[in-house]
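>>> Build me a model:
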Amino acid sequence: MEKEIIALLIKRDFLGLEQFIDLLGSDIVKCIRALLNHPEEITYRKEAENEVFYRIWQKIASYDADKSSLKTWSLTITRNICLDKKRAIIRAQNIIPMEQLPESPLVDDYFEKENFLDLLQNLSEEDQLIFLKYYYYQDTPSEIAKELTMDVTQVYNHLSRGRKKIKELFDPNI
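Numbers count the residues shown, from 1 in each chain. Below you'll find the model as predicted:
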């Protein structure tokens, strides 16, 4: 079946493209949906789908059955197109990836740090440590739990109770 579809595609027969879409179209669409999954990317799915089928139509002569299956080859093309599309969307929206942000963009101001530390004095020592690690050093709850040899749910409970206590300082009616 695959060999017949490939032969038709190489001859530029649209019947081959129809059969290819019947055979692998749903897998390609699933791959596109998985990769272009953010709200701002959803509108680009159809464009990516068209580009994938066009690229396969153009590049089918370079397909080598000894190196991979038709499905693997097609999904690799799909993945690469989606990643290119994702990068273009990010560039167009001037989104800075998290790993490229400055070290501590949230606490650059000295007074913000002082206010934060003043608020922490109202918490227990353990809660202070967890708050510092989570909000100041931006450690993940799992990292904090591992370091303090406690369960991740306990870290979340400490954070929740600490936030509640700090809110009560501002509005005792809570």
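
>>> How is this structure divided into domains?
What the record gives for the chain is the domain set 2-98, 105-170, from automatic domain parsing.

>>> Between those domains, which has the poorest mean confidence score?
Mean pLDDT per stretch puts domain 105-170 lowest among those, at a mean of 79.

>>> Specify the helix with the largest residue count in this protein.
What stands out as the longest helix in the chain, according to DSSP state H, is helix 70-93.

>>> As JSON lines, the domains of the chain with mean neighbour count would be great.
Where C-beta positions appear, they are placed from N, C-alpha and C, glycine not excepted. Rendered in JSON lines, the data for the domains of the chain read as follows (neighbours: other CB atoms under 10 Å):
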{"stretch": "domain 2-98", "mean neighbour count": "15"}
{"stretch": "domain 105-170", "mean neighbour count": "14"}
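
>>> on that earlier part again, mind giving me the packing neighbours of the longest helix of the chain?
helix 2-10, helix 14-35, helix 45-59 (3 or more CB pairs under 8 Å, 6 or more residues apart in numbering; DSSP states H and E).

>>> Need the residues that contact it.
Outside helix 70-93, the residues that touch it by CB atoms under 8 Å, 6 or more residues apart in numbering are 2, 5-6, 23-24, 27-28, 31-32, 35-36, 40-41, 44, 47-48, 51-52, 55-56, 59, 63, 67-68, 97.

>>> Turn the helices and strands packed on helix 70-93 into CSV, columns for distance to Lys133.
Putting the helices and strands packed on helix 70-93 into CSV (distance: least, CB to CB, whole Å) gives the following:
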stretch, distance to Lys133
helix 2-10, 54
helix 14-35, 33
helix 45-59, 39
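
>>> Which of these sits closest to Asp139?
helix 14-35 (29.4 Å; CB to CB).

>>> Check the offset of the closest one from the chain's centre.
The chain centroid and the centroid of helix 14-35 are separated by 23 Å under CA atoms, centre = their mean, to the nearest Å.

>>> Appreciated, that's everything.
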